[in-house]
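Need a 3D model of the following:
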Amino acid sequence: MRAALESAGCRYTQQRAAVFEHLSQVHTHPSAEEVYLAVRQSLDRISLATVYKALEALVEVGLANKLTYGDDAARYEYRESEHYHLRDVATGEVHDLATPFDPDLLKKLDPRLAERLAAAGFQVTGYRLEVLGRFQS
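As a prediction, this is how the structure comes out:
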(Lines give C-alpha, C1' and ligand atoms only; values in the text may rest on other atoms or scores of the structure.)
Protein backbone atom coordinates (compact mmCIF):
# COMPACT_ATOMS: atom_id res chain seq x y z
CA MET A 1 0.00 0.00 0.00
CA ARG A 2 2.75 2.44 0.95
CA ALA A 3 4.56 1.89 -2.36
CA ALA A 4 1.36 2.34 -4.40
CA LEU A 5 0.54 5.61 -2.64
CA GLU A 6 4.04 7.03 -2.83
CA SER A 7 4.57 6.06 -6.49
CA ALA A 8 1.39 8.01 -7.32
CA GLY A 9 2.62 11.04 -5.38
CA CYS A 10 0.31 10.46 -2.40
CA ARG A 11 1.55 10.45 1.16
CA TYR A 12 1.32 7.35 3.32
CA THR A 13 -0.46 8.20 6.57
CA GLN A 14 -1.72 6.28 9.56
CA GLN A 15 -5.27 7.29 8.64
CA ARG A 16 -4.96 6.02 5.06
CA ALA A 17 -3.46 2.79 6.36
CA ALA A 18 -6.38 2.31 8.78
CA VAL A 19 -8.95 2.96 6.05
CA PHE A 20 -7.17 0.54 3.70
CA GLU A 21 -6.93 -2.11 6.41
CA HIS A 22 -10.66 -1.86 7.09
CA LEU A 23 -11.59 -2.08 3.39
CA SER A 24 -9.31 -5.05 2.82
CA GLN A 25 -10.84 -6.96 5.72
CA VAL A 26 -14.56 -6.49 5.06
CA HIS A 27 -16.56 -8.33 2.43
CA THR A 28 -19.18 -5.62 2.17
CA HIS A 29 -19.30 -2.42 0.16
CA PRO A 30 -19.36 0.24 2.88
CA SER A 31 -20.17 3.91 2.49
CA ALA A 32 -17.63 6.48 3.66
CA GLU A 33 -19.74 6.97 6.80
CA GLU A 34 -19.61 3.25 7.56
CA VAL A 35 -15.84 3.20 7.08
CA TYR A 36 -15.57 6.24 9.35
CA LEU A 37 -17.56 4.57 12.14
CA ALA A 38 -15.43 1.43 11.91
CA VAL A 39 -12.05 3.15 11.71
CA ARG A 40 -12.96 5.58 14.46
CA GLN A 41 -12.92 2.69 16.94
CA SER A 42 -9.13 2.46 16.58
CA LEU A 43 -8.39 6.08 15.60
CA ASP A 44 -10.83 8.07 17.70
CA ARG A 45 -9.58 11.44 16.45
CA ILE A 46 -10.07 10.72 12.75
CA SER A 47 -12.61 12.92 10.98
CA LEU A 48 -15.16 11.99 8.34
CA ALA A 49 -13.42 14.40 5.94
CA THR A 50 -10.13 12.54 6.46
CA VAL A 51 -11.85 9.23 5.71
CA TYR A 52 -13.28 10.67 2.48
CA LYS A 53 -9.82 11.92 1.46
CA ALA A 54 -8.23 8.57 2.33
CA LEU A 55 -10.83 6.68 0.29
CA GLU A 56 -10.33 8.97 -2.70
CA ALA A 57 -6.55 8.51 -2.48
CA LEU A 58 -6.97 4.72 -2.43
CA VAL A 59 -9.26 4.92 -5.46
CA GLU A 60 -6.79 7.21 -7.25
CA VAL A 61 -3.92 4.72 -6.87
CA GLY A 62 -6.07 1.70 -7.80
CA LEU A 63 -6.25 0.05 -4.38
CA ALA A 64 -10.00 0.58 -4.04
CA ASN A 65 -13.06 1.00 -6.23
CA LYS A 66 -15.69 3.67 -5.80
CA LEU A 67 -19.15 2.48 -6.74
CA THR A 68 -21.59 5.29 -7.45
CA TYR A 69 -25.27 4.98 -8.20
CA GLY A 70 -26.97 8.29 -8.98
CA ASP A 71 -28.18 10.00 -5.83
CA ASP A 72 -27.21 7.18 -3.46
CA ALA A 73 -24.10 7.42 -1.29
CA ALA A 74 -20.96 6.08 -2.93
CA ARG A 75 -19.79 2.70 -1.74
CA TYR A 76 -16.21 1.50 -1.63
CA GLU A 77 -14.46 -1.83 -1.92
CA TYR A 78 -10.96 -3.19 -1.78
CA ARG A 79 -9.85 -3.88 -5.33
CA GLU A 80 -8.70 -7.49 -5.28
CA SER A 81 -9.75 -8.43 -8.78
CA GLU A 82 -12.27 -7.46 -11.43
CA HIS A 83 -15.76 -8.72 -10.67
CA TYR A 84 -19.44 -7.95 -11.10
CA HIS A 85 -22.03 -6.75 -8.60
CA LEU A 86 -25.63 -7.28 -7.53
CA ARG A 87 -27.44 -4.17 -6.30
CA ASP A 88 -30.74 -4.08 -4.46
CA VAL A 89 -32.56 -1.10 -5.99
CA ALA A 90 -34.77 -0.71 -2.91
CA THR A 91 -32.06 -0.63 -0.25
CA GLY A 92 -28.87 0.21 -2.17
CA GLU A 93 -27.23 -2.92 -0.76
CA VAL A 94 -24.37 -4.18 -2.97
CA HIS A 95 -22.92 -7.69 -3.16
CA ASP A 96 -20.28 -9.33 -5.32
CA LEU A 97 -21.74 -11.54 -8.04
CA ALA A 98 -20.23 -15.01 -7.83
CA THR A 99 -19.45 -15.53 -11.50
CA PRO A 100 -16.10 -15.27 -13.28
CA PHE A 101 -15.12 -11.90 -14.74
CA ASP A 102 -14.90 -12.00 -18.54
CA PRO A 103 -12.41 -9.48 -19.95
CA ASP A 104 -13.85 -10.13 -23.44
CA LEU A 105 -17.48 -9.46 -22.55
CA LEU A 106 -17.65 -6.18 -24.51
CA LYS A 107 -16.41 -7.96 -27.66
CA LYS A 108 -19.04 -10.63 -27.11
CA LEU A 109 -21.78 -8.00 -26.82
CA ASP A 110 -20.61 -6.17 -29.93
CA PRO A 111 -17.37 -7.14 -31.70
CA ARG A 112 -16.87 -3.61 -33.08
CA LEU A 113 -17.94 -1.59 -30.03
CA ALA A 114 -14.46 -0.54 -28.86
CA GLU A 115 -13.48 0.27 -32.46
CA ARG A 116 -16.54 2.50 -32.98
CA LEU A 117 -16.01 4.22 -29.64
CA ALA A 118 -12.35 4.86 -30.49
CA ALA A 119 -13.42 6.42 -33.80
CA ALA A 120 -15.66 8.76 -31.77
CA GLY A 121 -12.70 9.72 -29.56
CA PHE A 122 -13.50 7.45 -26.61
CA GLN A 123 -10.91 4.95 -25.37
CA VAL A 124 -12.33 2.05 -23.36
CA THR A 125 -10.24 1.44 -20.23
CA GLY A 126 -12.52 -1.07 -18.55
CA TYR A 127 -16.11 -1.79 -17.77
CA ARG A 128 -18.43 -2.61 -14.87
CA LEU A 129 -21.47 -4.83 -14.81
CA GLU A 130 -24.13 -4.80 -12.15
CA VAL A 131 -27.28 -6.85 -11.94
CA LEU A 132 -30.21 -4.89 -10.52
CA GLY A 133 -33.05 -6.32 -8.52
CA ARG A 134 -34.42 -6.82 -5.03
CA PHE A 135 -33.36 -9.28 -2.38
CA GLN A 136 -36.34 -11.28 -1.14
CA SER A 137 -36.65 -11.83 2.58
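
do you know how far Gln15 is from Ala118?
From Gln15 over to Ala118 the distance is 40 Å, taken as CB to CB, to the nearest Å. C-beta here means a position set from N, CA and C on the backbone, and glycine is covered the same way.

the more surrounded of those two?
Gln15 (18 against 11; other CB atoms under 10 Å).

Please spell out which residues along the host helix or strand of Gln15 are buried.
Take DSSP states H and E as the rule and Gln15 turns out to sit in helix 14-25. Residues of helix 14-25 classed as buried under the neighbour-count rule (16 or more other CB atoms under 10 Å) are Gln15, Arg16, Ala17, Ala18, Val19, Phe20, His22, Leu23.

Can you tell me which of those is nearest Arg40?
Minimum separation from Arg40 among the buried residues of helix 14-25 (CB to CB) is found for Ala18, which lies at 9.3 Å.

per-residue confidence at the residue in the chain sticking out farthest from the centre?
Computed with CA atoms, centre = their mean, the maximum C-alpha offset from the centroid of the chain is found at Ala119, amounting to 29.0 Å. Here the pLDDT value assigned to Ala119 is 96.

What distance do you get for it to Arg112?
From Ala119 over to Arg112 (counting by CB to CB), the distance is 10 Å.
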